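Enquirer: Coordinates only, no sequence provided:
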């Protein structure tokens, strides 16, 4: 089984990254962060692709690292937008309409406009993350 090492989880660097954001953007990102981390005790976080990202820390069967099976989601915060990219989001059968895009590589995205939008989508986002975790355990 492939297993993440304990030092792969880097909450301190994620916190420092969020603290550098404009306050309203930082509040929304922090809220999304808490929703994702609360979905499972096996979710870790780190800076990957220059943004906060979330990954599965539990045991998994061996896989090709280029398949990004361990990666759950990564923020894309360019130009102040709040986009959450799920590299393997196409595997989810979630019919909420929250997952957007039809990328050939299997990515799906979720767009948030501001903190209130995050709060409105909280239960749906948490359900998506719980579903993702259920597919890998």
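Expert: Received the coordinates, thanks. The model shown is predicted, which means the values in this text are computed figures rather than measured ones. Residues are numbered from 1 along each chain as shown.
Enquirer: next one: the longest helix along the chain to chain centre, how far?
Expert: Identified as the longest helix of the chain according to DSSP state H is helix 115-136. Centroid separation for helix 115-136 versus its chain: 9 Å, with C-alpha atoms, centre = their mean, to the nearest Å.
Enquirer: for it, packing partners?
Expert: helix 23-38, strand 71-76, strand 82-86, strand 108-112 (3 or more C-beta pairs under 8 Å, 6 or more residues apart in numbering; DSSP states H and E). Quick note: C-beta positions are derived from backbone N, CA and C, even for glycine.
Enquirer: Outside of the last one itself, which residues are in contact with it?
Expert: Residues lying outside strand 108-112 but in contact with it, judged by C-beta atoms under 8 Å, 6 or more residues apart in numbering, are 28, 32, 76, 81-86, 89-90, 92, 98-101, 118, 121, 125, 128.
Enquirer: How far does it sit from its chain's centre?
Expert: Relative to its chain's centre, strand 108-112 lies at 10 Å (C-alpha atoms, centre = their mean).
Enquirer: Looking at the helices and strands packed on helix 115-136, which is nearest to residue 58?
Expert: strand 71-76 (11.6 Å; C-beta to C-beta).
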